[in-house]
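Undergrad: Next one to model:
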Amino acid sequence: MNKKLMVINICALLLTSCGSVTSRVPAQVEDNTCLGVAHHFLPKDTTSFEDSKKLLKEKLALDLTDDQIADYFKYFQITDLNEKNADTLRSLFIYTSVDPDLRLNLLHDFSMINMGKNEKTKNWKQFQHHKAKVDAKKVKMIAKGGDDVFGKSELYEKLYYSCKTQVKAAPSAADYKQAKRLTYALAAGALGSNIVTYTYVHRDEEKNSKWYSELGFSLAITAGLSFTSGKFILANPNMTPWSVKMPMAYVTNMVTDAAITGGVYGSLFKAKNSDLEEKVNDLLSKPEKRAEVEELVKIANEKDLFEKYSKESAALLIDKKTNKPVNVKDFDREITIDDIDLDQSREMFMEALADKMYQENAGPLSTGSVAGDRYSFHRLYNLFSAPSNIALSIMMYNQLCMTTNPNAGFLRAVGIYLGGSIIMDATYFETKKDLINQ
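TA: Down below sits the predicted model:
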């Protein structure tokens, strides 16, 4: 009977304490809290505040104030701080050095697991994943030997954990400096790749002014876009990689490409009026080229160019019998070469010739214009390039962040992006040539 009464009293005490709200007193668990009541019925392999402070500040060399230790103490007061648990705590505190909220969540998980609860959260599993990678790397470093191997392995651990928190609420000056170095690495890798891949893919083409102009245009755009996208998106420490950077990269490419492709590229590489005029004059002046002129007339009929240019020139069509101008609306049949005033129709023929040249050079992905083809191709290509660039930038960031030698880290980062960009650029130039013949 006494045992039954004792169990009832314990249950009542637990329910009362767990349902009440008490103020938090640093440095120890209060007796009237849920955790405090549970403490009385747990094995007495607990640790005191002073022992915990000594362990965290001296043995584990964590830079914590007494107030911080007091705030965290309740999470491991009832835990046996053996070597394994102490090592876990050390890694936990380093891993969460810039994220106090995550630290509290993981400390709570740590205390629950040590109380026998196996409800491991997503944050805890992710922490354990990173810790396992660090521990394996440290074992390899120590086994390899060398000068100050233990110091280097601990430095690697600190660098690794700090690098895994790429998005910070308030990035430091060092974070922005690292982002700047990443931006330069992105630009350098992109330019190197662009030169190599363009030269290789177009190696069999005639090295004329158009070949070099295309290369120069590609390098100029690559330099500008890789630097600006790196500075404001890929290397930005305020943005998460996949949920923010990737959609921003895709939308930014879509907007800037509309201006660059539609405006700059379209005006630079479209057929020049002087060249078109020279070819049209040559066709119209030589009777033996009548078949080619008739082909242009057919294109003009298909594209409704007669109606378009008749508004500008009333004498576009002429009645050969009366030698008088005829309105295009008066024609109820297809216009032939004999209905046209060739001298008045030169501009129309120039447009028809430009369309003919485009059709002869267009690829499977054809929109009706050189700029339109290029823009459409870029939208498809960005579905592959945007996530690839995000992944490469993360790998580069890790090299810059984890390598103790800044120059070596920069070279490795450039090497990573150069290697990745060569694959992406080779894919870009080859598929662009196949799909739009540019």
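Undergrad: Could you measure from N327 over to L316?
TA: 9 Å (Cβ to Cβ, to the nearest Å). C-beta coordinates here come from the backbone N, C-alpha and C atoms, glycine included.
Undergrad: what sits in contact with each of those two?
TA: Common neighbours of N327 and L316 are listed as S310 (criterion: Cβ atoms under 8 Å, 6 or more residues apart in numbering).
Undergrad: Who has more neighbours out of those two?
TA: Higher neighbour count among N327 and L316: L316, with 25 against 10, using other Cβ atoms under 10 Å.
Undergrad: can you tell me which residues contact the nearest residue to the more buried one once chain neighbours are set aside?
TA: Spatial nearest neighbour of L316, excluding adjacent residues (Cβ to Cβ, 6 or more residues apart in numbering): S310 at 4.8 Å. S310 makes contact with 316-317, 327-328 under the criterion Cβ under 8 Å, 6+ apart.
Undergrad: Counting by contacts, list what the top helix by length along the chain packs against.
TA: Secondary structure of the chain per DSSP state H: the longest helix is helix 370-402. Helices and strands touching helix 370-402, by 3 or more Cβ pairs under 8 Å, 6 or more residues apart in numbering; DSSP states H and E, are helix 149-163, helix 173-201, helix 246-259, helix 266-269, helix 406-436.
Undergrad: gap between that helix and the chain center?
TA: For helix 370-402, the separation from the chain centroid amounts to 6 Å (computed by Cα atoms, centre = their mean, to the nearest Å).
Undergrad: Could you figure out how far it is turned away from helix 149-163?
TA: Relative orientation of helix 370-402 versus helix 149-163 (axes from the mean of the first three to the mean of the last three Cα atoms, to 10 degrees): 140 degrees.
Undergrad: remind me which residues of the stretch 51-200 of the chain are low pLDDT?
TA: Within the stretch 51-200 of the chain, the ranges that satisfy pLDDT under 70 run 59, 76-81, 119, 165-172, 174-175.
Undergrad: name the element E294 belongs to?
TA: Following DSSP states H and E, the helix or strand that holds E294 is helix 290-302.
Undergrad: Against I233, how distant is the residue sitting nearest the centre point of the chain?
TA: Most central residue of the chain, judged by C-alpha distance to the mean C-alpha position with Cα atoms, centre = their mean, is I390 at 2.8 Å. As judged by Cβ to Cβ, I390 and I233 stand 9 Å apart.
Undergrad: follow-up on the earlier one: distance of the residue nearest to L316 from E351?
TA: 13 Å.
Undergrad: who touches both of the two?
TA: Shared contacts of S310 and E351, defined by Cβ under 8 Å, 6+ apart, are absent.
Undergrad: domain assignment for this protein?
TA: Per the record, the chain has its domains at 42-163, 171-438, by automatic domain parsing.
Undergrad: Measure how far the longest one is from the centre of its chain, please.
TA: A distance of 22 Å separates the centroid of the chain from that of domain 171-438, by Cα atoms, centre = their mean.
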